[in-house]
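Enquirer: Kindly return the folded structure for what I paste below:
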Amino acid sequence: MFIVDTNILLHSVNRDSPHHEKARKNFESFINGSERWFLTWGIIYEYLRVATHPRVFKKPLTLGEAYGFLAPALRSANCGILSETDEHQNALEQSAKETHRLSGNVLHDFHIAVIMREHAVEEIITRDEDFKAFPWVRIRRIEN
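Expert: Take a look at the predicted model:
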């Protein structure tokens, strides 16, 4: 079980990315594979925000195009969406005690890491080194 981070989705959809081919092949293998994997609503909306943003993408997608790319994954039998549970507050408090000096943009990643803890998902596929701040998270990188 693992989570796929926003940056993997963005590299998969962005043909101008130097990581596009590798990310796309991996993403397709997640969709068509047998291993259980997850997204969060935060990851989904962050992906939609960035993929449609004209200051981020040279050729931004429309919302329909961005969602259309993601739709097969969301319909995949082995993809699930993790959300906060009634235990979220406890997981947040425990996680905050184990990390230090969190502020700003890294709090988005912290939110993902707390949700991972709630659901006992230990691995994230990402190119984001910020997840190293969370001792309960293991990073699996997709290299070029």
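
Enquirer: what's the closest non-adjacent residue to Ala96?
Expert: Nearest non-adjacent residue to Ala96, counting by C-beta to C-beta, 6 or more residues apart in numbering: Leu102, 7.6 Å away. C-beta: built from backbone N, CA, C; applies to glycine.

Enquirer: correct me, but the one you found touches His108?
Expert: No - counting by C-beta atoms under 8 Å, His108 is not a contact partner of Leu102; they are 10.6 Å apart.

Enquirer: got a list of what the closest residue to Phe69 other than its chain neighbours touches?
Expert: Take Phe69 and drop its neighbours on the chain: the residue closest to it by C-beta to C-beta, 6+ apart is Val13, 4.8 Å away. Neighbouring residues of Val13 by C-beta atoms under 8 Å, 6 or more residues apart in numbering: Arg24, Ala51, Leu61, Ala66, Phe69.

Enquirer: tell me the contacts of the first one?
Expert: For Arg24, the residues meeting the contact criterion (C-beta under 8 Å, 6+ apart) are His11, Ser12, Val13.

Enquirer: gap between the first one and Phe110?
Expert: This points to His11. According to C-beta to C-beta, to the nearest Å, His11 stands 22 Å off from Phe110.

Enquirer: now do Ile44
Expert: Distance check for Ile44 against Phe110: by C-beta to C-beta, it reads 18 Å.

Enquirer: higher neighbour count, the two?
Expert: It is Phe110, of Ile44 and Phe110, that has more neighbours when counted by other C-beta atoms under 10 Å, with 21 against 18.

Enquirer: which SS state does that one fall under?
Expert: helix (DSSP: H, G, I helix; E, B strand; the rest coil).

Enquirer: Show the contacting residues for the nearest residue to it once chain neighbours are set aside.
Expert: In space, and not counting its chain neighbours, Phe110 is closest to Leu102: 5.6 Å by C-beta to C-beta, 6+ apart. Neighbour list for Leu102: Ala96, Phe110, Ala133 [criterion: C-beta under 8 Å, 6+ apart].

Enquirer: just checking, the second one touches Ser95?
Expert: The one in question is Phe110. Yes - with contacts counted by C-beta under 8 Å, Phe110 reaches Ser95, the gap being 7.1 Å.

Enquirer: Now list whatever residues contact both of those two.
Expert: By C-beta under 8 Å, 6+ apart, the residues touching both Phe110 and Ser95 are Phe134.
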